[in-house]
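Asker: After the sequence you'll find the predicted model.
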Amino acid sequence: MSQADRDKWNQRYRDGAYVARKHPSALLAKWLPRLAPKGRPPTAVDLASGIGRNTLFLARQGWRVCAVDISEVALGQLAAAAEEENLEIARIPKDLEAGDVRLDDIAAEGPFDLAIVIRYTNLPVIASLGDILVPGGYLLAESHLVTDADVIGPTDQRFRVAPGELRSAVTGLEIIASYEGIVEDPDRRRAALAQLVARKPA
Ligand SMILES: C[S@@+](CC[C@H](N)C(=O)[O-])C[C@H]1O[C@@H](n2cnc3c(N)ncnc32)[C@H](O)[C@@H]1O
C-alpha cells in the first residue's frame, strides 16, 4: 500500500462511497449479544472501519470503539456522524499494509474485548490480532471470497481470499464459527464471503 492507495480511498469517500450502506454487518449483528463481557463497558477495535457503519453500531450499544482506517476522509465522516449522535469514538488513521506493520499505536488504545475486520483482506494483520485482545476476547472477520458468481466486492481477485485462507490466517485463537459462501446483504445484494468468529483462550 502507498500514498496512491490512501489517495484512492480518500477520493472514493469524498465521492460518497458507502454512504448508502448504513446497515451493520449481519455477522456482527448476529453475534454481538454473545460477545460483550459482563460487568464493565466493552471495548472494540474496528480495523479498516471506513465511515464506520459497524463502529457506530457498536458505539450505539455502549461499546467503546476505536476505528482504524487508511482514509482520513472516511474517519472524518465517521467523526461527524459520531458527533451528531453524541458518541465518543477513538480514531487512528493508519496504513495497515505499510511494510512490516506494527500495531503498537492501536494496542495503546486496548486491550480489546473484540476486534472486527469486515470486508477488508489483510491476513498478516488478522494473524496478529490476538496480541491486542484481552484473554477471552473475540475476533470477528469477514473477507470477500474468490468466486465466479455475480456478486459485489472487489473485481481484482487479489483482494479476495481463497477457500480456507481466512481460517488458516488465524493464529493463537480458537475458531468457534466459520462460513464460506454466498450471502445476501440486508440491501438484497449478494456477496461471496469467508466469515469467522474466533476467541482468544481465557
Ligand atoms: C470495502 S471498505 C470496508 C469498510 C468497513 N469495514 C465496512 O465493512 O463497511 C474497505 C476499507 O479498507 C480501508 N483500507 C484499504 N486499504 C487499507 C490499508 N492499507 N490500511 C487501512 N485501511 C485500508 C479502506 O479505506 C476502506 O475503508
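Answerer: Arrived safely, thanks for sending. Small disclaimer: the values here were computed from a predicted structure and weren't measured.
Asker: and stretch 90-98, which residues are buried?
Answerer: If you call a residue buried by 16 or more other C-beta atoms under 10 Å, then stretch 90-98 has these buried ones: 91, 92, 94, 95, 96. Placement of C-beta: from N, CA and C, glycine included.
Asker: just these now: which is nearest the ligand?
Answerer: Relative to the ligand, the closest of the buried residues of stretch 90-98 is residue 96; by C-beta to the nearest ligand atom it sits at 3.5 Å.
Asker: The closest one touches residue 71, doesn't it?
Answerer: No. At 11.5 Å, residue 96 does not count as touching residue 71 under the criterion of C-beta atoms under 8 Å.
Asker: Residues of this protein that sit close to the ligand?
Answerer: Contact residues (C-beta under 6 Å from any ligand atom) of the chain with the ligand: 1, 5, 9, 18, 48-50, 53-54, 69-71, 74, 95-97, 118-120.
Asker: ok and the residue in this structure nearest the ligand?
Answerer: residue 50 (3.0 Å).
Asker: what number of residues lie near the closest residue to residue 194 other than its chain neighbours?
Answerer: Excluding its sequence neighbours, the residue lying closest to residue 194 (C-beta to C-beta, 6 or more residues apart in numbering) is residue 166, at 4.1 Å. Using other C-beta atoms under 10 Å, residue 166 is surrounded by 24 other residues.
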